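J.: Whatever this is, show me its structure:
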Amino acid sequence: MYPPSSSTGSASPWQTETMAASEDDDLHAEVRHLRARLEELLERAHANEATQRRLQTVELDMLRRYPLVDLLRALILDYPEQLGLQGAALHVCPPQPEVSALGVSGDLPSGVYLAEVVPPEDIHLGTLEAESPDWFPHQASPGSLALLPLHAGGQYLGIYALAGEAGRFQPNQGTAFLQRLAAMVATSLDNAINHARLEEMALSDPLTGLDNRRSLERRLGEAVARSRRQARDLACLLLDIDYFKAINDRHGHPAGDRVLVEVAEALASAVRGGDALARYGGEEFAVLMEVEGAEAAEAAAERMRMAVSTVTSPDGDALTASVGLALLDPAEEGEALVERADAALYQAKAAGRDRVEAAD
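T.: Down below sits the predicted model:
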């Protein structure tokens, strides 16, 4: 039997309690929803805070990354892992000479590519489309990707492609974090390229384009260590153009400079790919090369001397050169090797020039 209703139309006590209970349930449900929403926001805030900390760590490391090859390796291997990504690729475009040089030497990290690519106008988020370039030739196609155009100093440097799991990068998500990362990558890459360019200038002879004395001295220790490790003979050749001062005195320094350039080109065509050729100073050139015994070293020295004879002086006469040769002794350091080659060069000049003399 139901409780009687009031004749005035007001709710009965039972109805009032039912309505209050319903309102309580709605209130509790709303509180639970708000609490879940708050927890979601807090979790997202903590995740964003952790991401910002990781990004700051990456940024600080980028600023300290030299030489260029170390930065490139970090962009491909270290930073994606620190940022919780599946991987990354760097497409340098247009190819920078300093990066191309790493490809020639075999030091270019896997994941760095030199190619002409069409840059997106802005950061692109989404999936790898069938008609799009293969941004990750060195790894499996990612579930999602982010393409970050790199600009520094008004110059386009290329694309930094990030690989993420499915749903990590979506077209409608915010890009503030990625814009900051792109700016830092571009600035760091530009700085590292400029640093490599300046270092190359410091190690190159501006007239001939060959390595300079400082560069050869840096390579000397490596050559000595490699020679001992591989049990191969290391030869040092010091070559001096005979009577070069007379060319400068008679025809002027511009003519002398042209002769030096031509001699450098002739010597460069006579050395092998693994030999180290440098302008050692003035009209003197140096070569470090691995050989198989004294006879091979003397033959190489004669080849250098003959290469110089293909160059003519401003008077039309064939040039001549004196060459000093030394082979690395088992207990000898690189500096002593060069000193003995220099002493042999002095002997060649004292013996009448246009000859090769080997150190004892």
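
J.: alpha carbons only for contacts and neighbour counts from here, please
T.: Will do.

J.: Show me the strands in the stretch 101-250 of the chain, by range?
T.: 112-114, 124-126, 144-152, 155-164, 233-241 (DSSP state E, counting those that start in this stretch).

J.: count of residues packed around the spatially closest residue to residue 344 that is not a sequence neighbour?
T.: The spatially closest residue to residue 344, leaving aside those adjacent along the chain, is residue 324, at 4.4 Å (CA to CA, 6 or more residues apart in numbering). Other residues near residue 324 number 28, with proximity taken as other CA atoms under 10 Å.

J.: nearest to residue 174, of the strands of the stretch 101-250 of the chain?
T.: Distances from residue 174 to each of the strands of the stretch 101-250 of the chain were compared using CA to CA; the minimum, 9.8 Å, belongs to strand 124-126.

J.: what packs against the closest one?
T.: In terms of contacts (3 or more CA pairs under 8 Å, 6 or more residues apart in numbering; DSSP states H and E), strand 124-126 is packed against strand 144-152.

J.: who's in contact with the strand it packs on?
T.: Strand 144-152 is contacted by residues 119-128, 156-170, 178-179, 182-183, 185-187, 190 when judged by CA atoms under 8 Å, 6 or more residues apart in numbering.

J.: rewinding a little: please work out which of the strands of the stretch 101-250 of the chain is packed deepest.
T.: The highest average neighbour count among these, using mean count of other CA atoms under 10 Å, belongs to strand 233-241 at a mean of 26.

J.: Return the list of strands paired to that one, each annotated with direction.
T.: Next to strand 233-241 in the sheet, as set by DSSP bridges, lie strand 284-291 (antiparallel), strand 321-327 (antiparallel).

J.: For residue 104, see how far away the closest residue to residue 66 other than its chain neighbours is.
T.: The spatially closest residue to residue 66, leaving aside those adjacent along the chain, is residue 192, at 6.4 Å (CA to CA, 6+ apart). When distance is defined by CA to CA, to the nearest Å, residue 192 is 18 Å away from residue 104.

J.: Who has more neighbours out of these two?
T.: When residue 192 and residue 104 are compared on other CA under 10 Å, the one with more neighbours turns out to be residue 192, at 24 against 9.

J.: if I pick the more buried one, what's in contact with it?
T.: Residues in contact with residue 192 (CA under 8 Å, 6+ apart) are 65-68, 71.

J.: how about low-confidence regions in the stretch 101-250 of the chain?
T.: Low-confidence segments of the stretch 101-250 of the chain, defined by pLDDT under 70: 119, 129-132.

J.: Can you mark which positions in stretch 82-98 are buried?
T.: Within stretch 82-98, the residues scored as buried using 16 or more other CA atoms under 10 Å are 83, 85-93, 98.

J.: Might you specify the subset of these located within helices?
T.: Among those, the ones falling in helices (DSSP state H) are residue 98.

J.: In strands only, show me the buried residues of stretch 82-98.
T.: Secondary-structure check on the buried residues of stretch 82-98 using DSSP state E: residues within strands are 87-92.

J.: and residue 202, how far is that from residue 334?
T.: Using CA to CA, we find residue 202 at a distance of 21 Å from residue 334.

J.: Then residue 167?
T.: Using CA to CA, residue 167 is found at 58 Å from residue 334.

J.: how about the helices in the stretch 151-300 of the chain?
T.: Counting by DSSP state H, counting those that start in this stretch, the stretch 151-300 of the chain forms helices over residues 176-202, 213-229, 244-251, 253-270, 294-308, given from the N-terminal end onward.

J.: looking at those, which is buried most?
T.: helix 294-308 (a mean of 19).

J.: tell me the angle of that helix relative to strand 321-327?
T.: Taking axes from the mean of the first three to the mean of the last three CA atoms, to 10 degrees, one finds helix 294-308 and strand 321-327 inclined to each other by 160 degrees.

J.: residues in contact with helix 294-308?
T.: Contacting residues not belonging to helix 294-308 are listed as 235, 237, 239, 241, 263, 266-267, 270-271, 291, 319-323, 325, 327, 354-356, 358 [CA under 8 Å, 6+ apart].

J.: Send me that helix as PDB with only the CA atoms.
T.: Once non-C-alpha atoms are left out, helix 294-308 reads as follows in PDB (Å, rounded to 0.1, in the frame of the first residue of the first chain):
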ATOM      1  CA  ALA A 294     112.800   1.000 -47.400                       C
ATOM      2  CA  GLU A 295     112.800   0.300 -51.100                       C
ATOM      3  CA  ALA A 296     109.100   1.200 -51.400                       C
ATOM      4  CA  ALA A 297     109.700   4.400 -49.400                       C
ATOM      5  CA  GLU A 298     112.500   5.500 -51.700                       C
ATOM      6  CA  ALA A 299     110.400   4.700 -54.700                       C
ATOM      7  CA  ALA A 300     107.600   6.900 -53.300                       C
ATOM      8  CA  ALA A 301     110.100   9.700 -52.600                       C
ATOM      9  CA  GLU A 302     111.400   9.500 -56.200                       C
ATOM     10  CA  ARG A 303     107.800   9.700 -57.400                       C
ATOM     11  CA  MET A 304     107.300  12.900 -55.400                       C
ATOM     12  CA  ARG A 305     110.500  14.400 -56.800                       C
ATOM     13  CA  MET A 306     109.500  13.600 -60.400                       C
ATOM     14  CA  ALA A 307     106.000  15.000 -59.800                       C
ATOM     15  CA  VAL A 308     107.600  18.400 -59.000                       C
END
